[in-house]
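Peer 1: After the sequence you'll find the predicted model.
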Amino acid sequence: MSDFAQHLINGVAAGTIYALVALGYTMVYGVLKLINFAHGDVMMVGTFLGYGVAQKLGYEHQSSLWGVLAIFLAAMAACAVMGFLMERFAYRPLRDKPRLTALITAIGISFTLSYGFQLDFGPLPGAAPRAFPEIIAPREWLIIGDRAVVIWNWQVISLAIAIGLMLILQALVYRTRFGRAMRAVSFDHRTAALMGIPVDRIIALTFMLGSALAAGAGILYAIKDTAIQPLMGLYVGLKAFVAAVIGGIGNVPGAVVGGLLLGLVEEFVVGYSSSSWRDAVAFGFLIVVLLVRPGGLFGRVAAEKV
Amino acid sequence: MSAPSTLGTREPRPQLLDVEDLHVSYGAITALRGVSLGVGQGEVVALIGANGAGKTSTLRAISGMLKPRSGRIRLAEQEIQGLRSNLLVPRGMAHAPEGRGIFLNLTVLENLELGAYLRRDVPEIKRDLEYVFGLFPILRERVRQQAGTLSGGEQQMLSISRALMSGPKLLLLDEPSLGLAPQVVETIFRILREVNARGVSILLVEQNAHLALNLAHYGYVLETGEVVMRGQGKALLAAPEIRKAYLGE
């Protein structure tokens, strides 16, 4: 039972990170019908930027409240700019070209980033993993029983940040004028333009938003796993993509649910069986979901009436 | 191109929309070959013709959904050809497109709010919302519903209402009667008359020539991308060529 509780906590922690990255996939897919395969690498870049900022701040300041805030905000803002540039110069020129062209471009950007970052970067060149500093000094937050369940302060803080980001996004998408415009664009570009919506700007903002979330997720990931390396984006990105598809790609709540489910499934597999089953079960889970619900858990084809 | 035959006289009005020698093609296929037409202030103008005559292409070129190959379009004396749709809304143009273009994933209210996307005058938006609810009371009952759950007729009402929410001077309507029960069509056309009476000019594309010409002050007949005939609504309705070709007599 205590095992179960511990796995549940760990699973939710991992799941929220998948969810944050999955949100970026799903929002961009929503407005462009494009799988931005470079999205995971945006997360990686965000993590490295956060790492860089933490180094600059130094040991004393990196774990202060302002330090942590600076690390998150700097990485998220820089990734938002990167998302903007990516959309503006890589994807927008391909808007009217076959979708495959944009997809190949996305894969190209992904490889450029993940292998580009293996060039000398910082004190450790190459693909060597490096340790992300402990920006939240680990403390036990809650101990149940005879250390049967241990919840760490960074787990709680990470979870709070992840949930906070998701709530902000939720409000943005469903409560604001920008969110309405984004959902209209994701339904149909040309009709959205007939409402006076500047479609290009909404798409650019969607990229920026998704990229900022990815950067936030990357730092949470680094807090959890400590080791960061340039190829981490490929791996976490792929998992988050799976999460988005499980939830129903293009569906915002679906990405959150898909991420959480995937995190929990993986954690329980690792906990009760063996970590070598983790990926097999993750992708097996995807296959099962798609067999039963081809559009994903929340995906549905709206019935069109004539 | 020979000049189209003209029936009846047109009541003189200040010009709101002026389309001159509009050419549109989709790749190798030519859709419009030199269409010229005009809409006066406060006027209802019908554009009738068979399937594939170029009616929808004309509307789309006017509202910036597609770029014309050549030609001139003026709205309130200003050239607008080639401008994108979102830049035309603030100039007073609203287009309820073919197939209604409802955002099925949004609620009825959200659709209406998007119609007023560029407006910041909150009190007036509220008033206009009340106005369209007055026109189509059923929308008020459905206001929190997903637009995808509406019937076809309700979606058409929503499409027109949403277009009105931008506060347009010129309303472009593409086949508002398509696929709807006669009673619903009657309601919609009655409302269009009311909307026009409040000063909104309307350019109406219809396959149902009888309905359209009855409502319209003036009409144009489109055939394979050209205006072949034009004239007063009632005069066209009485013309033997029209009765034969479009009214099934």
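Peer 2: That came in fine, so what should we check first?

Peer 1: contacts and neighbour counts: CA atoms only from here.
Peer 2: Will do.

Peer 1: With adjacent residues omitted, what lies nearest to B:Q156?
Peer 2: What sits nearest to B:Q156 in space, not counting adjacent residues and going by Cα to Cα, 6 or more residues apart in numbering or on different chains, is B:R100, at 5.9 Å.

Peer 1: Tell me which residues touch that neighbour, please.
Peer 2: B:R100 is in contact with B:155-156, B:159, B:174, B:176, counting by Cα atoms under 8 Å, 6 or more residues apart in numbering or on different chains.

Peer 1: top helix in the chain by residue count?
Peer 2: I'll assume chain A. In chain A, taking DSSP state H as the definition, the longest helix is helix A:2-32.

Peer 1: My question was about chain B, not that one.
Peer 2: Ranked by number of residues, the top helix in chain B under DSSP H is helix B:182-197.

Peer 1: what's the following helix or strand after it?
Peer 2: Sequence-wise, the next helix or strand downstream of helix B:182-197 (DSSP states H and E) is strand B:201-206.

Peer 1: tally of neighbours for the residue in chain B positioned nearest to chain A?
Peer 2: Using Cα to the nearest Cα, the single residue of chain B nearest to chain A is B:N86, 3.7 Å away. For B:N86, the neighbour count with other Cα atoms under 10 Å in any protein chain shown is 24.

Peer 1: My read is that it contacts A:L194, right?
Peer 2: Yes - contact criterion Cα atoms under 8 Å: B:N86 and A:L194 qualify, at 5.7 Å.

Peer 1: Skip the chain neighbours and tell me the closest residue to A:M182.
Peer 2: A:I202 (6.1 Å).

Peer 1: Does the one you found belong to a helix, a strand or coil?
Peer 2: Under DSSP: H, G, I helix; E, B strand; the rest coil, A:I202 falls in the helix class.

Peer 1: is it true that it touches A:A181?
Peer 2: Yes - with contact defined as Cα under 8 Å, A:I202 reaches A:A181; the gap is 7.2 Å.

Peer 1: So for those two, which sits in the more crowded spot?
Peer 2: Of the pair A:I202 and A:A181, A:A181 is the one with more neighbours under other Cα under 10 Å, namely 26 against 20.

Peer 1: ok, that one - contacts?
Peer 2: By Cα under 8 Å, 6+ apart, the contact set of A:A181 is A:192, A:197, A:202, B:114.

Peer 1: how many neighbours does the last one have?
Peer 2: Yep, that's B:L114 we're talking about. B:L114 is flanked by 26 other residues according to other Cα under 10 Å.

Peer 1: just the first one next, same as before
Peer 2: Per other Cα under 10 Å, the neighbour tally for A:A192 reads 26.

Peer 1: That one is in contact with A:V185, isn't it?
Peer 2: Yes - under the criterion of Cα under 8 Å, A:A192 makes contact with A:V185 at 5.4 Å.

Peer 1: rewinding a little: tell me the two of the contacts of B:R100 that are most distant?
Peer 2: Put simply, by Cα to Cα the two of the contacts of B:R100 set farthest apart are B:Q155 and B:D174, 13.4 Å from each other.

Peer 1: On the pLDDT front, check residue 81 for me.
Peer 2: Since you didn't name a chain, this refers to chain A. For A:V81, the pLDDT comes out at 98.

Peer 1: Wait, chain B was what I had in mind.
Peer 2: In this model, B:Q81 is scored at 93, pLDDT.

Peer 1: now A:E140
Peer 2: So, for A:E140, pLDDT stands at 88.

Peer 1: who does B:L75 bridge with?
Peer 2: In this entry, B:L75 is beta-bridged to B:L17, B:Q78, by DSSP bridges.

Peer 1: those strands in chain B, which residues are they?
Peer 2: Under the criterion DSSP state E, chain B contains strands at B:5-7, B:15-26, B:29-40, B:44-49, B:70-75, B:78-79, B:93-96, B:170-174, B:201-206, B:218-223, B:226-232.

Peer 1: Of the ones you listed, flag the one that's most buried.
Peer 2: Stretch with highest mean neighbour count among these: strand B:93-96 (a mean of 29; mean count of other Cα atoms under 10 Å in any protein chain shown).

Peer 1: Is it positioned near chain A?
Peer 2: Yes - in terms of Cα under 8 Å from any Cα of the partner chain, part of strand B:93-96 sits within range of chain A, namely B:94-95.

Peer 1: so what does that strand touch, helix or strand wise?
Peer 2: Strand B:93-96 sits against helix B:152-164, strand B:170-174, with contacts defined as 3 or more Cα pairs under 8 Å, 6 or more residues apart in numbering or on different chains; DSSP states H and E.

Peer 1: And the longest helix of chain B, how far out from the chain middle?
Peer 2: Offset of helix B:182-197 from its chain centre (Cα atoms, centre = their mean, to the nearest Å): 13 Å.

Peer 1: for the residue nearest to B:S177 when sequence neighbours are not counted, what are its contacts?
Peer 2: Nearest residue to B:S177, sequence neighbours excluded (Cα to Cα, 6+ apart): B:V185, at 5.5 Å. Contacts of B:V185 were listed using Cα under 8 Å, 6+ apart, and they are B:153, B:176-177.

Peer 1: Compute the distance between B:V185 and A:F72, please.
Peer 2: If you measure B:V185 against A:F72 using Cα to Cα, to the nearest Å, the figure is 57 Å.

Peer 1: one step back: with mean pLDDT as added columns, please give the helices and strands packed on strand B:93-96 in JSON lines.
Peer 2: Output for those, formatted as JSON lines (pLDDT from 0 to 100):
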{"stretch": "helix B:152-164", "mean pLDDT": "97"}
{"stretch": "strand B:170-174", "mean pLDDT": "98"}
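
Peer 1: Can you pull out the low-pLDDT segments for chain A?
Peer 2: A:1, A:120-126, A:300-306 (pLDDT under 70).

Peer 1: and the residue of it found nearest chain B, which of the three is it?
Peer 2: Nearest residue of chain A to chain B: A:G196, at 3.7 Å (Cα to the nearest Cα). Using three-state DSSP, the structure places A:G196 in coil.

Peer 1: Isn't it up against B:N86?
Peer 2: Yes - taking contacts as Cα under 8 Å, A:G196 lies within contact range of B:N86: 3.7 Å.

Peer 1: Just list the residues touching residue 143, thanks.
Peer 2: Let's take chain A. By Cα under 8 Å, 6+ apart, the contact set of A:I143 is A:149-151.

Peer 1: You answered for a different chain; I wanted chain B.
Peer 2: B:107-109.

Peer 1: nearest residue to residue 67 other than its sequence neighbours?
Peer 2: No chain specified, so I'll use chain A. A:H61 (5.5 Å).

Peer 1: My question was about chain B, not that one.
Peer 2: Nearest non-adjacent residue to B:K67, counting by Cα to Cα, 6+ apart: B:G82, 5.2 Å away.

Peer 1: May I have the residues that are in contact with the one you found?
Peer 2: Per Cα under 8 Å, 6+ apart, neighbours of B:G82: B:61, B:64, B:66-68.

Peer 1: Then A:R278?
Peer 2: For A:R278, the contact set (Cα under 8 Å, 6+ apart) comprises A:266-267, A:269-270.

Peer 1: try it again with 7 Å
Peer 2: By Cα atoms under 7 Å, 6 or more residues apart in numbering or on different chains, A:R278 lies in contact with A:266, A:269-270.

Peer 1: and what of B:Y246?
Peer 2: Contact analysis of B:Y246 by Cα under 7 Å, 6+ apart lists B:A209.

Peer 1: ok, so what distance separates it from A:L290?
Peer 2: B:Y246 sits 50 Å away from A:L290 when distances are taken as Cα to Cα.

Peer 1: before we move on, what about B:R60?
Peer 2: Going from B:R60 to A:L290 by Cα to Cα gives 39 Å.

Peer 1: Show me which of those two is the more surrounded one.
Peer 2: Of the pair B:R60 and A:L290, B:R60 is the one with more neighbours under other Cα under 10 Å, namely 21 against 17.
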